[in-house]
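Visitor: return atomic coordinates for the entry below.
(chains A and B)
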Amino acid sequence: MPGRDSPFRNRSAAENLDLFRRMKAGEFPNGARSLRAKIDMAAPNLWLRDPLLYRIRHVPHHHAGAAWCLYPLYDYAHCLSDYFEGITHSICTLEFVDHRPLYDWLLGSLDLPRALPHQYEFAKLTLGYTLVSKRKLLRLVQENKVAGWDDPRMPTLSGLRRRGIPAHAIRQFVANLGVTKHDSLTEVAVFEHTIREALNHSSERRLAVLKPIKIVLTNLAPGEVLVCQATNNPQSESPTTRAVELTREVFIESDDFAEVPPPKYFRLKPGGEVRLKYACIIKLDEIVQDSAGAITELRCTADLTTRNGQPNCDKKVKGTIHWVSAEQAIDAEVRLYDRLFTVPEPGASEDFLSLVNPHSLETVQAKLEPSLAASAAPACYQFERLGYFTPDAKESTPARLVFNRTITLRDAWAK
RNA sequence: UGUCCGAUGGUGUAACGGUAGCACAAGGCCCUUUGGAGGCCUUUGUCAUGGUUCGAAUCCAUGUCGGACAGCCA
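Guide: Numbers count the residues shown, from 1 in each chain, chains lettered A, B, ... in the order given. Next up, the predicted model:
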């Protein structure tokens, strides 16, 4: 069914030019006049039915100020600016396929001397559990669902970088995807794999405990220090080491202890043995509780013959866990990020604000090995057995360290 | 409803008309002072029905399913 002609469709060119000058001069209020291309009101493609080119908007422009009250519509500006800039291939997303005939018509009607640009449309990169629409991202910022455009949970470049994701990983991810013309949803696992691959090779290892529980090594004297050598990066061609010091009191991860262990639990349990990484094997002798029944410390015996270079250093135990010296550890706030949304396709719902993951940020007070005291962004570290972490570029200072978790390590046990 | 676009394992993608491959995911095994990393192996696919052809994921027809658009937004 053809469209209905505008009552002004057959106005003369001279009359239109005069009106256009008056529109430009600011003679009319918003919406009182407009300028259309005269194409074909019977065209099956709706965008060819005399589309609007200019409309009046009395609002200042962020570059041009108040000089203009006339603004072109996207379709008109797009093809022309491509031509002005000498673009040959103008790449955009699928929703503009219907507009291509108008893009071509406008350029073709102008008798232009140079070769005309062509528009090519491809599917946008839709990532699971993520939004990429700028308009929707804006609402997350405006309604304080995140702490700003560079919140480490945001899929903006500034957010990804603050999260600690290397630029190289972002490029590699995009290069791995390929480009097509049908709508797709890329699983976040693909992005996460690229990030881990990049960070695994470049990040130095450090020891850090996010949720500490205290261990007392009863056969070490108070003040006694055993120096151990820790590998900085086992992926390196020629790995270097640093010293970490074992003392009578250390912190381990509370997740690495189970009073009632599930089947196949390799970590510390009553009567069980684990290796403190780079140090020695310890055996749990006694669980100390306060009057309320809460566990206050675990008393263990260290087998010093299992240290590196000692006769039993090759002794095998199922579990190896990370630790920090309680006397030497430094404090840091660590922000644990998770996916921002609870569903794979938050963009499919108008109600996406209610789909924000309430657990997308958890903050803990962690204990770090002392070598991290001088760390600053953009350094990235692997906290052994936990994941990759980077000092927050905005808020971390030597006096008050703040780390962002970029991503966890793969965890075969969690499955 | 109209116009347009698309359809290959769970996901994302390759394959002049000529062996359906790669990555992620999943599963199994080996190794391991990170339940990490690494190594080896495995499962799963051409939307359907016809046609053309010696031969079709690819070309043609019809159908099915999915998506975009129908703003004085971009």
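
Visitor: listing request: residues of the stretch 251-400 of chain A with sub-threshold pLDDT.
Guide: Scanning the stretch 251-400 of chain A for pLDDT under 70 picks out nothing.

Visitor: tell me which stretches of it form strands.
Guide: Secondary structure of the stretch 251-400 of chain A (DSSP state E, counting those that start in this stretch): strands located at A:273-276, A:281-289, A:295-303, A:320-321, A:323-325, A:330-337, A:361-368, A:381-383, A:387-391.

Visitor: out of those strands, flag the one nearest RNA strand B.
Guide: strand A:320-321 (3.9 Å; CB to the nearest atom of the strand). Every C-beta, even on glycine, is put in place using the N, C-alpha and C of the backbone.

Visitor: quick one on the thing from earlier: need the strands of the stretch 251-400 of chain A in CSV (columns: mean neighbour count).
Guide: Output for these, formatted as CSV (neighbours: other CB atoms under 10 Å):
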stretch, mean neighbour count
strand A:273-276, 21
strand A:281-289, 16
strand A:295-303, 17
strand A:320-321, 18
strand A:323-325, 25
strand A:330-337, 18
strand A:361-368, 18
strand A:381-383, 24
strand A:387-391, 25
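
Visitor: dump those into CSV; add distance to residue A:71 as well.
Guide: Output for the strands of the stretch 251-400 of chain A, formatted as CSV (distance: least, CB to CB, whole Å):
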stretch, distance to residue A:71
strand A:273-276, 67
strand A:281-289, 71
strand A:295-303, 67
strand A:320-321, 63
strand A:323-325, 60
strand A:330-337, 40
strand A:361-368, 40
strand A:381-383, 49
strand A:387-391, 42
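
Visitor: how far does stretch A:151-159 stretch from start to finish?
Guide: 5 Å (CA to CA, to the nearest Å).

Visitor: should've said stretch A:141-151
Guide: 9 Å.

Visitor: contact partners of it?
Guide: With CB atoms under 8 Å, 6 or more residues apart in numbering as the test, stretch A:141-151 has contacts from A:137, A:139-140, A:153-154, A:156, A:158-159, A:161-162, A:340, A:353, A:356, A:394.

Visitor: quick one on the thing from earlier: make JSON lines from the strands of the stretch 251-400 of chain A and add distance to RNA strand B to it.
Guide: Below are those laid out as JSON lines (distance: least, CB to the nearest atom of the strand, whole Å):
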{"stretch": "strand A:273-276", "distance to RNA strand B": "5"}
{"stretch": "strand A:281-289", "distance to RNA strand B": "8"}
{"stretch": "strand A:295-303", "distance to RNA strand B": "11"}
{"stretch": "strand A:320-321", "distance to RNA strand B": "4"}
{"stretch": "strand A:323-325", "distance to RNA strand B": "11"}
{"stretch": "strand A:330-337", "distance to RNA strand B": "16"}
{"stretch": "strand A:361-368", "distance to RNA strand B": "15"}
{"stretch": "strand A:381-383", "distance to RNA strand B": "6"}
{"stretch": "strand A:387-391", "distance to RNA strand B": "9"}
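
Visitor: those: which one's closest to residue A:228?
Guide: strand A:273-276 (8.6 Å; CB to CB).

Visitor: how about residues contacting the closest one?
Guide: Taking CB under 8 Å, 6+ apart as the rule, strand A:273-276 contacts A:246, A:250, A:252, A:256, A:266-268, A:281-284, A:302-303, A:306, A:317-323.

Visitor: check stretch A:233-243 too.
Guide: So stretch A:233-243 is contacted by A:200, A:201, A:203, A:204, A:205, A:227, A:228, A:229, A:230, A:231, A:232, A:371 (CB under 8 Å, 6+ apart).

Visitor: in that stretch, what counts as buried?
Guide: residue A:233 (16 or more other CB atoms under 10 Å).

Visitor: quick check, it touching RNA strand B?
Guide: Yes: using CB under 7 Å from any atom of the strand, stretch A:233-243 reaches RNA strand B at A:234, A:235.

Visitor: picking that back up, quick one, which of the contacts of stretch A:233-243 are buried?
Guide: Here, 16+ other CB under 10 Å leaves A:203, A:204, A:205, A:228, A:230, A:231, A:232, A:371 buried among the contacts of stretch A:233-243.

Visitor: and residue A:382, how far from residue A:167?
Guide: 19 Å (CB to CB, to the nearest Å).

Visitor: give me the neighbour count for residue A:20.
Guide: Using other CB atoms under 10 Å, residue A:20 has 15 other residues around it.

Visitor: equivalent analysis for the one 4 residues further on, please.
Guide: The local packing count at residue A:24 equals 15, with neighbours defined by other CB under 10 Å.

Visitor: didn't it look like it was pressed against residue A:69?
Guide: Yes: counting by CB atoms under 8 Å, residue A:24 touches residue A:69, with 7.5 Å between them.

Visitor: residue nearest the centroid of chain A?
Guide: residue A:160 (3.9 Å; CA atoms, centre = their mean).

Visitor: and that residue, that's in a helix?
Guide: Yes: assignment of residue A:160 by DSSP: H, G, I helix; E, B strand; the rest coil places it within a helix.

Visitor: just the helices in chain A please.
Guide: Counting by DSSP state H, one finds helices in chain A at the ranges A:13-24, A:74-84, A:100-108, A:134-142, A:157-163, A:167-177, A:188-202.

Visitor: look up how far residue A:313 lies from residue A:305.
Guide: Taking CB to CB, one finds residue A:305 at 8 Å from residue A:313.

Visitor: which bits of the stretch 151-300 of chain A sit near RNA strand B?
Guide: A:176-187, A:189-190, A:193, A:196-197, A:200, A:205, A:234-235, A:264-267, A:275, A:277-280.

Visitor: swap the cut-off to 6 Å and go again
Guide: A:176-178, A:180-187, A:189-190, A:193, A:200, A:205, A:234-235, A:264-267, A:275, A:277-278 (CB under 6 Å from any atom of the strand).

Visitor: then the stretch 301-415 of chain A?
Guide: Counting by CB under 6 Å from any atom of the strand, the stretch 301-415 of chain A sits next to RNA strand B at A:307-308, A:313, A:316, A:320, A:382, A:384-385, A:409-413, A:415.

Visitor: in a markdown table: these, plus distance to residue A:107.
Guide: Putting these into a markdown table (distance: CB to CB, whole Å) gives the following:
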| residue | distance to residue A:107 |
| --- | --- |
| A:307 | 76 |
| A:308 | 72 |
| A:313 | 75 |
| A:316 | 73 |
| A:320 | 66 |
| A:382 | 53 |
| A:384 | 59 |
| A:385 | 59 |
| A:409 | 53 |
| A:410 | 51 |
| A:411 | 55 |
| A:412 | 57 |
| A:413 | 60 |
| A:415 | 55 |
